[in-house]
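In: 3D, please:
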Amino acid sequence: MRRSIFLAAITLASVSLIASADDAKEPKKSGREKLEQLREDYQPYAFNFHPHHPMYFAVGTDPEKSKYQVSFRYQFIKEDGSLAKRFPAVKGFNLAYTQTSFWDLKSESKPFEDTSYKPEFSYLSPFILLGPSWAEGFQVQGGFRHESNGRDSDESRSTPERGDYASSEA
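Out: Numbers count the residues shown, from 1 in each chain. Got it, this is the predicted structure:
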């Protein structure tokens, strides 16, 4: 029994020595590189979030007419994932969300005057290169967007729309 415990301790010690020798061979990583590695290891899908429409908070000279907007899109398939490598076209599927609110910051209770919720499902094509020097290329995006104020009955404002459009990329 003592002999097996002794052999197990020697084995563990030699494994840790080998592991620390391997660690010594790797170049030192900067803080940013370590952070990127942690993000890849523990939040692999965080890289799939991207900005969508401009995000802002505008107060201006009249706080009664303040406005803010948040917007992001989530890419379903990771850019460097195995599925994207086999079928590059699937990288373009996205789910997006935009919320715009008009906020009366002048009133005592600071109510929201109006809020628009805009979920969207879209496809963004890969970058298409063009020959002429004045046009570097473009992407085509199409999808389905819904806009609603989140209310029901007479106060409801719900507008499903098909959002087919093209955007140029410089």
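In: low-scoring stretches of the chain, by residue?
Out: Low-confidence segments of the chain (pLDDT under 70): 1-26, 39, 42-43, 131-135, 155, 158-170.
In: Mind doing that once more with 90?
Out: Along the chain, segments meeting pLDDT under 90 span 1-52, 58-66, 75-85, 87-92, 102-116, 120, 122-170.
In: what residue lies at the spatial centre of it?
Out: Closest to where the C-alpha atoms of the chain average out (Cα atoms, centre = their mean) is residue 49, at 0.7 Å.
In: On the strand side of things, show who that residue bridges to.
Out: Listed beta-bridge partners, residue 49: residue 74 (assigned using DSSP bridges).
In: My guess is it contacts residue 72. True?
Out: Yes: contact criterion Cβ atoms under 8 Å: residue 49 and residue 72 qualify, at 5.7 Å. All C-beta atoms are positioned from the backbone trio N, CA, C, and that covers glycine.
In: re the thing from before, list the contacts for the residue nearest to the centre of the chain?
Out: The neighbours of residue 49, taking Cβ atoms under 8 Å, 6 or more residues apart in numbering as the test, are 72, 73, 74, 75.
In: What are the boundaries of the helices in the protein?
Out: Along the chain, the stretches classed as helices by DSSP state H are 2-25, 31-42, 82-86.
In: do you know how far the residue nearest to the centre of the chain is from residue 149?
Out: Residue 49 sits 25 Å away from residue 149, taking Cβ to Cβ, to the nearest Å as the criterion.
In: give me phi/psi at residue 62?
Out: phi -120, psi 100 (degrees, to the nearest 10).
In: same question, residue 109
Out: phi -90, psi -10.
In: Near it, how many other residues are there?
Out: Residue 109 has 5 neighbours, counted by other Cβ atoms under 10 Å.
In: Residue 88 contacts residue 126, doesn't it?
Out: Yes: the pair residue 88 and residue 126 qualifies as a contact (Cβ under 8 Å) at a distance of 6.6 Å.
In: Kindly give a single ChimeraX line that selects the buried subset of the contacts of residue 49.
Out: Buried subset of the contacts of residue 49, written as a ChimeraX selection, criterion 16 or more other Cβ atoms under 10 Å:
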select :72,73,75
